[in-house]
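Engineer: Sequence below, structure please.
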Amino acid sequence: MAQRAGSADLPLHGGRVPPWLGQRMARLGAVMTQAIIHHYGRDEYLRRLANPFWFQSFGAVMGMDWHSSGITTSVIGALKHGLKPLAGELGLRVCGGRGRHSRRIPDELLAAGDLAGFDGAPLARISRLVAKVDSAAVQDGFDLYLHGFIVADDGAWTVVQQGMNDASRRARRYHWLSEGLENFVDAPHAAIEGRGGGEIVNLTDRRALPSRAAQLDLLGTIGPDGIAREMAALRRGTGEAPIEAEPLLPLLILPDHHDVRSGDVVIRRLHGALAAAADAGPRDFAELLMIPGIGARTVRSLALVAEVIHGAPCRFSDPARFSFAHGGKDGHPFPVPIKVYDKTIGILKGAVEAAKLGQDEKIGAIRRLDAQARALEATATGPSFEAFIAEERRQSHAYGGRSVFGWEAATATNGEIARKSVRGG
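Structural biologist: Okay, here's the model as predicted:
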């Protein structure tokens, strides 16, 4: 059973994930996955991967460029690398990826099935069928170039695939989930939308059932000459009743601008996280604060990470906000604070390892941190959006700030951050 669970339109963004970030993304993605499965189970984790808003927020909290198409490739790659050693423990395997990696999915699914005890051959067929639906049955101008297949040992799965439109310089991401499908060609999509680009062909729409039936009838009965006559009749018009409007469905469209702007963030939510992390804030997460080296800056990142782990779907309408946890590799909204990032990974890993032993205090404290941040949103105040970013940039060197341009230098005498470009950074 499967359905298209959502889609996202994203600006194309070049470049590669530097190793220093890719390795950390793999570790953070793995430990967040463990926490989600610990609290909510494997099926819920698959549902989240099938939500385009959550998926974008997940990539942003890991330090990727918040708005770009590159989040898809990097998140799939990070999960594939980070979850591989945990496949037996979690019962979860990540197959495919970009280009040649996507073509290896049938073999990877067969191998995964041999290890886990399920039949990988039907899943390999599903992988091909899902790709065909989004490339042939739905013709919207985007050519698929990435296909990720995340499968659980019980056969449940999520597919995340992405297409590119060279003319518009945008990418479109398609999410599928193995729940609720009646068949693959009759309305399998819970969402299939994007920025308007003219008329498209969508033969999976229920309203296209007469068209699908007519195509089969034409091929089986009247042949090419009959098809030509029918095409001529369509061009003359048939006086059919107008087609009803397509219902509104989940949709994520991100802007072309690379920098994070105030309109990209729900500021009251950010202020809630700041208030929960402040030294004078509520102490429901005291277990965390007892860990040496934990200050308000690390707790702020933990609050945003905790929201990705525990937040309801409505919390992810502004994926840009989650880039305030660990910045972005291109320096937007600020360089990646390596020291904070590593501390976040260490705290989460310690909490998950303790939870495996039945000691839920630390992982429970992270959950309460998220609840505390949400509770404070209605009343919390804080710095302006611009002042917040300026202060983070001012402190970037102290936090171990790093981007693709290199390490951040100490604050210059004029109060501005002096960016020092380091080759290979």
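Engineer: just checking, Val260 touches Ser323?
Structural biologist: Yes - contact criterion Cβ atoms under 8 Å: Val260 and Ser323 qualify, at 6.1 Å. Glycine gets a C-beta too; all of them are placed from N, C-alpha and C.
Engineer: Which residue comes closest to the most centrally placed residue in the chain once chain neighbours are left out?
Structural biologist: Centroid check for the chain by Cα atoms, centre = their mean gives Phe55 as the closest residue, at 1.9 Å. In space, and not counting its chain neighbours, Phe55 is closest to Leu49: 6.1 Å by Cβ to Cβ, 6 or more residues apart in numbering.
Engineer: show me what contacts that neighbour?
Structural biologist: With contact taken as Cβ atoms under 8 Å, 6 or more residues apart in numbering, Leu49 is in contact with Phe55, Ile150, Thr158, Val160, His175.
Engineer: which SS state does the fourth one fall under?
Structural biologist: Assigned state for Val160: strand (three-state reduction, DSSP: H, G, I helix; E, B strand; the rest coil).
Engineer: domain ranges for this structure?
Structural biologist: With domains defined by automatic domain parsing, the chain comprises 3-195, 206-239, 262-415.
Engineer: where exactly do the strands run in this protein?
Structural biologist: Secondary structure of the chain, counting by DSSP state E: strands at 3-11, 92-98, 138-139, 143-152, 157-165, 170-177, 201-202, 252-253, 336-337, 401-403, 406-411, 417-419.
Engineer: Tell me the neighbouring strands of the second one, and mark each as parallel or antiparallel.
Structural biologist: For strand 92-98, the paired strands and their directions (DSSP bridges) are strand 143-152 (antiparallel).
Engineer: List the contacts of the residue nearest to Lys339 when sequence neighbours are not counted.
Structural biologist: Excluding the flanking residues, the one nearest Lys339 by Cβ to Cβ, 6+ apart is Gly400, at 4.0 Å. With contact taken as Cβ under 8 Å, 6+ apart, Gly400 is in contact with Pro337, Ile338, Lys339, Val340, Trp407.
Engineer: cool, and Trp157?
Structural biologist: Neighbour list for Trp157: Ala2, Leu46, Leu123, Ile126, Phe149, Ile150, Val151, Leu177, Ser178 [criterion: Cβ under 8 Å, 6+ apart].
Engineer: Repeat that for Ile363.
Structural biologist: Here Ile363 is in contact with Ala35, His38, His39, Ala351, Val352, Ala354, Ala355 (Cβ under 8 Å, 6+ apart).
Engineer: make it 6 Å
Structural biologist: Ile363 makes contacts with Ala351, Ala355, as judged by Cβ atoms under 6 Å, 6 or more residues apart in numbering.
Engineer: Gln162 now?
Structural biologist: Here Gln162 is in contact with Thr72, Leu146, Ala171, Arg173 (criterion: Cβ under 6 Å, 6+ apart).
Engineer: Of the residues you listed, grab the buried ones for ChimeraX.
Structural biologist: Buried subset of the contacts of Gln162, written as a ChimeraX selection, criterion 16 or more other Cβ atoms under 10 Å:
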select :72,146,171,173
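Engineer: Take the contacts of Gln162 and write them to TSV, including distance to Ile389 and pLDDT.
Structural biologist: Shown next, in TSV, are those (distance: Cβ to Cβ, whole Å; pLDDT from 0 to 100):
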residue	distance to Ile389	pLDDT
Thr72	26	95
Leu146	31	95
Ala171	27	92
Arg173	27	92
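Engineer: Please convert the contacts of Gln162 to a markdown table, extending it with distance to Ser135.
Structural biologist: Formatted as a markdown table, these follow (distance: Cβ to Cβ, whole Å):
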| residue | distance to Ser135 |
| --- | --- |
| Thr72 | 16 |
| Leu146 | 12 |
| Ala171 | 14 |
| Arg173 | 14 |
